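Q: let's see this in three dimensions:
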Amino acid sequence: MVEKATKDLLVRLVHMCGLGTIIADIEPVTGGLMHRMYKVMTDSGVYAVKHLNPEIMKRPDVHENYARAERIEGILENSGISIVPAIVTGGKKMQRIDDQYFYVFRWKQGKIADWNHISDEMCLKAGNLLGKIHAIEPRNIAPMTPETSSVDWRGYVLRAKEENAAIASLLEENEDLLVCAGNELNKARASLPAVSCLSNEDMDPKNIMWDNGRPWMIDLECLDYGNPISHVMQLALQWSGIVTCRMDMDKMIAFFDGYLGAYDNCFRGYSDVVGVAYTWVEWLEYNIQRALGACMDEAERALGISEVRNTVDRIRYIHDITPQIREALDTRLRRYVR
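A: Okay, here's the model as predicted:
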């Protein structure tokens, strides 16, 4: 059920964008972990509306980041990449009403894959899609000091205990693991080559719509320039089951098969950068903050608490499965060596 205040905003948005008259109840769309999505049916068509999280929109440089993502979205669209772009109204993609921000999309028929039912073929096609994106504008860059993770885990433990938060004991029990994860992430980032390309670090299974076996990329606000080695490593792991803590090495290799078939920069040290999988510590920190009150409402706080628990489990699983991942990368990608 959509709250009245939100419904009123969406009615105004539809009118402002000239999308016709709403002819059915507005429906919330499940699946988003940061923003809120709605299905809106009017007499001119069916639309997906993304209501951007107000807390995120308060961040420094957020509008600059979104503008950059919109420019890259245009490049991908012109390059024939399968994406679902935001509708332009009044010369803008992002729409604003009462300090609330929205993107509007034409409703895309298709299905999001169940995390537990992703096939080797889907991994192959998703990897190939990522490779095509990375192949558009790859370039060597000057070596830079890598971005490091420096989360104050002890500070979060103490704050959670002081507030008697639901996540306090979980953070305290796993503090050493989280420190280790941050160190491994920093070590992997320091091992990445100095290359950059257009990319979508958020191209995980929940952000791909499947229509007759063809993958379409949705949720494009994370488009940016990034390191292709880091992004393919993280996404290959996500598509092969690290999110659900059920890794399938065949799926990971299928993702790399599709990727390297579209874009191969001859890098072969993937087993040395498996630690980039620990970027989950950054998602964990964001959800700790939500669980401790930096959120829109109690529903978002509850989501933050849930994601803290899920993400700690995931980080523990990554720690346990890393030796097997490295072995598969060292032994099963050799056929690509020239």
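Q: my guess is Cys295 contacts Gly304, does it?
A: Yes - counting by Cβ atoms under 8 Å, Cys295 does reach Gly304; the two are 6.1 Å apart. The way it works is simple: take the backbone N, C-alpha and C, and place the C-beta from them, glycine included.
Q: who has more neighbours, those two?
A: It is Gly304, of Cys295 and Gly304, that has more neighbours when counted by other Cβ atoms under 10 Å, with 23 against 19.
Q: wasn't the more buried one part of a strand?
A: No - per DSSP: H, G, I helix; E, B strand; the rest coil, Gly304 lies outside any strand segment and is helix.
Q: right, and it touches Asp297 too?
A: No - counting by Cβ under 8 Å, Gly304 stays clear of Asp297, with 11.1 Å between them.
Q: what about the nearest residue to Lys161 once chain neighbours are set aside, how many residues close to it?
A: Nearest non-adjacent residue to Lys161, counting by Cβ to Cβ, 6 or more residues apart in numbering: Ala168, 4.7 Å away. Ala168 is flanked by 19 other residues according to other Cβ under 10 Å.
Q: surely Ala168 touches Asn174?
A: No - using Cβ under 8 Å, Ala168 is not in contact with Asn174, being 11.5 Å away.
Q: which ones are touching the residue nearest to Lys161?
A: Residues in contact with Ala168 (Cβ atoms under 8 Å, 6 or more residues apart in numbering) are 157, 160-161.
Q: do you know how far Glu282 is from Asn227?
A: Remark: distance between Glu282 and Asn227 (Cβ to Cβ, to the nearest Å) = 15 Å.
Q: and Tyr96, how far is that from Phe105?
A: Tyr isn't right for residue 96; it's Arg. In terms of Cβ to Cβ, Arg96 sits 17 Å off from Phe105.
Q: more crowded one of the two?
A: Phe105 (19 against 13).
Q: next, the more buried one: phi, psi?
A: Note on Phe105: its backbone torsions stand at phi -130, psi 150 [degrees, to the nearest 10].
Q: and the strands in the stretch 1-150 of the chain?
A: Here the stretch 1-150 of the chain has its strands, by DSSP state E, counting those that start in this stretch, at 27-29, 36-42, 45-51, 95-97, 100-106, 111-112, 139-140.
Q: what pLDDT, on average, does the third one get?
A: For strand 45-51, mean pLDDT rounds to 96.
Q: now that strand: how far from the chain's centre is it?
A: 20 Å (Cα atoms, centre = their mean, to the nearest Å).
Q: got the domain boundaries for this protein?
A: Using automatic domain parsing, the domains assigned to the chain come out as 4-107, 120-336.
Q: from those, which stretch is densest packed?
A: Of all the domains of the chain, domain 120-336 carries the top mean neighbour count, a mean of 18, counting by mean count of other Cβ atoms under 10 Å.
Q: show me the contacts for Lys132.
A: Residues counted as contacts of Lys132 (Cβ under 8 Å, 6+ apart) are 79, 81, 262-263.
Q: can you tell me how far it sits from Gln95?
A: Distance, Lys132 to Gln95, using Cβ to Cβ: 30 Å.
Q: mind checking pLDDT for the most centrally placed residue in the chain?
A: Nearest to the mean C-alpha position of the chain, by Cα atoms, centre = their mean, lies Asp202 at 2.6 Å. If you check Asp202, the pLDDT there is 92.
Q: and what of Gly31?
A: At Gly31, the model reports a pLDDT of 62.
Q: please apply the same query to Lys93.
A: 96.
Q: okay but it is in contact with Glu70, surely?
A: Yes - judged on Cβ under 8 Å, Lys93 makes contact with Glu70 at a distance of 5.2 Å.
Q: find residues that contact each of these two.
A: Common neighbours of Lys93 and Glu70, using Cβ under 8 Å, 6+ apart, are Ala86.
Q: looking at the contacts of Ala168, which is nearest Ser191?
A: Taking Cβ to Cβ as the measure, Ser191 lies nearest Val157 of the contacts of Ala168, at 29.3 Å.
Q: now the closest one: how far from Pro323?
A: Per Cβ to Cβ, Val157 is found 28 Å from Pro323.
Q: try Ala188
A: Using Cβ to Cβ, Ala188 is found at 15 Å from Pro323.
Q: ok, Pro146 next?
A: Distance of Pro146 to Pro323, given as Cβ to Cβ: 24 Å.
Q: all helices of the chain, in order?
A: Counting by DSSP state H, the chain has helices at residues 4-16, 62-78, 120-134, 153-162, 168-173, 175-190, 228-239, 249-262, 280-291, 298-332.
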